[in-house]
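**Q** sequence plus the predicted model coming up.
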Number of protein chains: 2
Amino acid sequence: MSAKRIIVIGGSAAGPKAASRARRMDENAEITIYQKASDLSMASCGYPYYIGGFFNDRDQLLCSPAGVVRDSKFFWNAKKITTKVKHEVTAINRKEKVIEYINMVTGEKGAAEYDKLILATGATPRRPPVPGIELKGITTLQSLPDADYLRKIRDEGKIKKAVVIGGGLIGIETCEALHLAGIEITIVELLPQLLTFLDQQMARLVEKYVQSKANVILQNGVSAFIGENGQLTAVKLQNGTEIPCDLAVIAIGVVPNTKLAKEAGLDIGKTGGILVNDYMQTSDPDIYAGGDCIEAVNIISKKPVHAPYGDLANLQGRIAGENVIAGNTAKFPGTIQTGICKVFEYGVGATGLSEQNAVRNGFTNLETVVNASLDKPGFMQGKLLITKLVVDKSSKKILGAQVIGPGEVSKQLAIWAMAIQAGFTVDQMVNSDLPYAPPFSLAIDHSIATAHIIQNKLNGFFKGISAEELKEKIENKQSILLLDVRNANEYEQMRLGIGEKLIPLGQIRSRLSELPEDKNAEIVTWCKISLRGYEAALILQANGYTNVKVLEGGLMAWPFAREK
Amino acid sequence: MSAKRIIVIGGSAAGPKAASRARRMDENAEITIYQKASDLSMASCGYPYYIGGFFNDRDQLLCSPAGVVRDSKFFWNAKKITTKVKHEVTAINRKEKVIEYINMVTGEKGAAEYDKLILATGATPRRPPVPGIELKGITTLQSLPDADYLRKIRDEGKIKKAVVIGGGLIGIETCEALHLAGIEITIVELLPQLLTFLDQQMARLVEKYVQSKANVILQNGVSAFIGENGQLTAVKLQNGTEIPCDLAVIAIGVVPNTKLAKEAGLDIGKTGGILVNDYMQTSDPDIYAGGDCIEAVNIISKKPVHAPYGDLANLQGRIAGENVIAGNTAKFPGTIQTGICKVFEYGVGATGLSEQNAVRNGFTNLETVVNASLDKPGFMQGKLLITKLVVDKSSKKILGAQVIGPGEVSKQLAIWAMAIQAGFTVDQMVNSDLPYAPPFSLAIDHSIATAHIIQNKLNGFFKGISAEELKEKIENKQSILLLDVRNANEYEQMRLGIGEKLIPLGQIRSRLSELPEDKNAEIVTWCKISLRGYEAALILQANGYTNVKVLEGGLMAWPFAREK
């Protein structure tokens, strides 16, 4: 039998991973990667940290863990994989099983036969179709040249003001990077919130934090880029505002690169990505695909999604690489769209469905909770975590979790991601046996405490109210007894100042006479994180009050301005 | 109906948690905690960090998250729970449902009736029955007075040498605390390894690291404490060695406190803990128990275990507290014995079964792997993680994981703990959708990479060899071709020096002629972490070599001395 010919189109994440896996599965296969860019295996998720100056050696973006740059020589020597950089594949002839390419340096054209083909063509940043988009000073952050351009701006230190268009993950990461470069940033987002994988209350908490570092403008888009002599001087918004700046970074999402696939007649999914089955196989059994160019399936909603995450690209590439050699032996189970980003000192992320996403996907019977606590004991310098958990009320199945804060967000998300993938219910989560010691967690880990609270809620022990609901009620001048149950000195240091009465938890039982006579009066209780708020609510309920609610997450999860 | 009378014996972790949960379930119950010590709700897992000077305010060991000391006044005001400190319960009269107690200050005796009783009597440190045990300068680290004693030693700075007897979790934490106090430490352990929840190779890696901070003596016990004028001056070992010291801390495990339960005729389990069912109910349906005094069940082995962990005590207390009020509504699913400790800059922990523990529990068909990699990319200052994974070969079920290193051990253990509790197989783990961004993890998280490697092993793609097996073969002068496949400069900086040949991975294909003609010759390959070692093995196998093994975890997991 002659050697199997494997062609991989794309040399960033999924492509090299697929090629490497194929090599490990078959030492004799002829494996070739075609790559439009001049670099291979770039750690593209690392670009914001290179731009922000977390490290200065550009080679680290291209290095293997052993410190060798992953160039064509490396791929050939270490992996016997041929790499053709600066080569664009222009067509796939499925009948003949041939690809056509052009050498972008020499203009030379050629063709190559394949037994199996893997598409890892990635995605391209969206650009708003507005006047001035061609001006100098406007960029995206996707390619290594983009990263080089922005790093140069950092190093030169001339630019003082920049606008980041798009308040998603990349926009927020770019904002941090440029802020660290000493540039004054304005983030412009079309939607009413940043980071749409978060529910609004959670996003507002992040927004409040980001506002301490950058200007945030919501519900506004770009109507034009304004320039002088071909150079950007301002961004004009849809409401007419002009923001002077020398730099604009566009980060309004990406579109899967499917031109080749479409022209070859492969099926494209509803979300615009290449359609693949669990084996990462396209509608042509000899063609596989993975990474940002495909459409994946969300495990919880069972709906197709475009999920351009670097980790999934690697996992999908590994599967495609195995299957082109071994036949369809490896399966991709789908995604729960776990994502995380660093926002200055905060971690911000989500896994599974947010409440708004669950509703959009037809889940009608939800329970949610917001919990705030430290990640470790105060005496071990514990830091704040705020989690919103979303649960299906009838099955008690955990559907999603959002976690933000300076605490160990990544660990919390990993715990929830595992719980969701396992199909855990709240009752299965409440007694989890997680690693505990004071340098690492609280005796009852934040994730378990969150499960406890929602279990109490599901069991009807208490009713919660979100900060937004409470705000609305107050704005509508509803008559509510607002009860802060912390100590007087805590109240002196920090308080909402929305008309609340202070009765410390320890005094509630003896000061019941100060409460409304009407046992059906609406009462909302809270403390710093609402644990004492919960205990206060239970005392009131036991004393006959029927309409008591706990402000979820307490003061720590209040996303609006406070009196102090 | 009159108020339910709940009596809780024990005021450390499980007891106060049970009492608090009972209060939240029933505002009208009469709840009383009897506590021998003078303090309540002590954060006893925090003692080593108080002693080590991580924080100086002793009250932090006793405070609620809001900064209020949890004394009798706090329990009454905030929770309407009566606490009787310095009260020892001397007997339980199950027939009359009465406990008898003595006020340890006044000597006054009394009795109290209960409807439901909760035992949270904790455990007592073992003490070796050797001469001199009564000398001054010998202590355990379990109570707050113990912590005060050791903290005083730290603050006075007079003691220069100490011996820690016992290389388990508490021993190791004590070692760190005293080392930070500037005291020269010798750890003495009776068994051939430290931290018996680890397999030997993993324990050796920890030992190697600890030896940079303290003297470690294995396979040796204490035969006597030697003193002058009633003060300890040396510890004498079973082999006759005398170690001069002014302080000895005994940390050779704990024994559940079951005297009361035994005298009351309650069933005691095989491991010496009080027997309880899933509802934390003892053999008397009106008596519940939780925390360090009970026997739990290991979920994986289904065997009884004594699992004195602070987090489990809290979870068990919560269940007991709920069930005494609501009837048996809450269940404890058992433990997978997840544990973690901090050892200077290392995290060290395990969840599920170690290999040696699995064998002891009758698992005969195991696959294991040791994986070493960074927790994050090098450019984000990634730190080393070493994981040993234990899997049942036929079902591919994950049985246990041990993780050590300066990297984020706690997150890794949490991931594995969730996987094990979910009953995940390796195939379910390999495509986990975990949070990825460079500040938090590698594109393929260390846990997933570990699953990939063991999957490759289960699929027969490669054979591994542990450092210990290889060492033994070398000592037995077996003829093996030892192949380091790193680069020449890496080899210059660090190498095993056990007779290996250096052929960089990139040169193997062209230097096959340097390998033995005998295709059945035994070959062992490695690199820094053995990823390249794996690729080298695949190349050799593809070229007909039938007996190639990869040194698991590479140089990073080599627990013995290196040439450089």
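**A** Sure thing, it's come through. Numbering: from 1, shown residues only, chains lettered A, B, ... in the order given.

**Q** name the element the closest residue to A:Ile243 other than its chain neighbours belongs to?
**A** Distances taken as C-beta to C-beta, 6 or more residues apart in numbering or on different chains place A:Val235 nearest to A:Ile243, at 4.9 Å, with adjacent residues excluded. For the C-beta atoms, the positions are set from N, CA and C on the backbone; glycine is no exception. Taking DSSP states H and E as the criterion, the element that holds A:Val235 is strand A:231-237.

**Q** contact partners of that strand?
**A** A:132, A:135-138, A:163, A:165, A:188, A:217, A:220-227, A:242-248 (C-beta atoms under 8 Å, 6 or more residues apart in numbering or on different chains).

**Q** likewise stretch A:48-63?
**A** Residues outside stretch A:48-63 that contact it (C-beta under 8 Å, 6+ apart): A:39-44, A:46-47, A:69-71, A:141, A:144, A:147-148, A:150-151, A:154, A:170, A:173-174, A:176-178, A:180-181, B:377-380, B:438-439.

**Q** mind running it again at 6 Å?
**A** Applying C-beta atoms under 6 Å, 6 or more residues apart in numbering or on different chains, the set of residues contacting stretch A:48-63 from outside is A:42-43, A:46, A:69-70, A:147, A:150-151, A:154, A:173, A:177, A:180, B:379, B:438.

**Q** could you report the distance from the residue lying closest to A:Asp39 once chain neighbours are set aside to A:Gly310?
**A** When the adjacent residues along the chain are set aside, A:Asp39 lies closest to A:Leu144, with 5.4 Å between them (C-beta to C-beta, 6+ apart). In this view, A:Leu144 and A:Gly310 are 14 Å apart by C-beta to C-beta, to the nearest Å.

**Q** and the residue lying closest to A:Leu180 once chain neighbours are set aside, how far from A:Ser44?
**A** Nearest residue to A:Leu180, sequence neighbours excluded (C-beta to C-beta, 6+ apart): A:Gly52, at 4.2 Å. Relative to A:Ser44, A:Gly52 is positioned 15 Å away (C-beta to C-beta).

**Q** return the distance of A:Ala147 relative to B:Glu475.
**A** 51 Å.

**Q** near chain B at all, the helix or strand A:Gln412 falls within?
**A** With the criterion set as DSSP H and E, the secondary-structure element containing A:Gln412 is helix A:409-421. Yes: using C-beta under 6 Å from any C-beta of the partner chain, we find that helix A:409-421 touches chain B at A:410-411, A:413-415, A:417-418.

**Q** quick one: low-confidence parts of chain A?
**A** Where chain A drops to pLDDT under 70, the residues are A:1.

**Q** how near is A:Ala251 to A:Ala542?
**A** When distance is defined by C-beta to C-beta, A:Ala251 is 52 Å away from A:Ala542.

**Q** looking at the two, which one has more neighbours?
**A** A:Ala251 (25 against 14; other C-beta atoms under 10 Å in any protein chain shown).

**Q** distance of that one from chain B?
**A** In this structure, A:Ala251 lies at 15 Å from chain B, with C-beta to the nearest C-beta, to the nearest Å as the measure.

**Q** phi, psi of the spatially most central residue of chain A?
**A** Nearest to the mean C-alpha position of chain A, by C-alpha atoms, centre = their mean, lies A:Gly339 at 3.6 Å. For A:Gly339, the backbone dihedrals are phi -140, psi 150 (criterion: degrees, to the nearest 10).

**Q** list the contacts of it.
**A** In this structure, A:Gly339 makes contact with A:197, A:349, judged by C-beta under 6 Å, 6+ apart.

**Q** distance of the closest residue to A:Lys236 other than its chain neighbours relative to chain B?
**A** Taking C-beta to C-beta, 6+ apart as the measure, A:Lys236 lies nearest to A:Ala224, with 4.4 Å between them; neighbours along the chain are not counted. When C-beta to the nearest C-beta is the yardstick, A:Ala224 and chain B sit 33 Å from each other.
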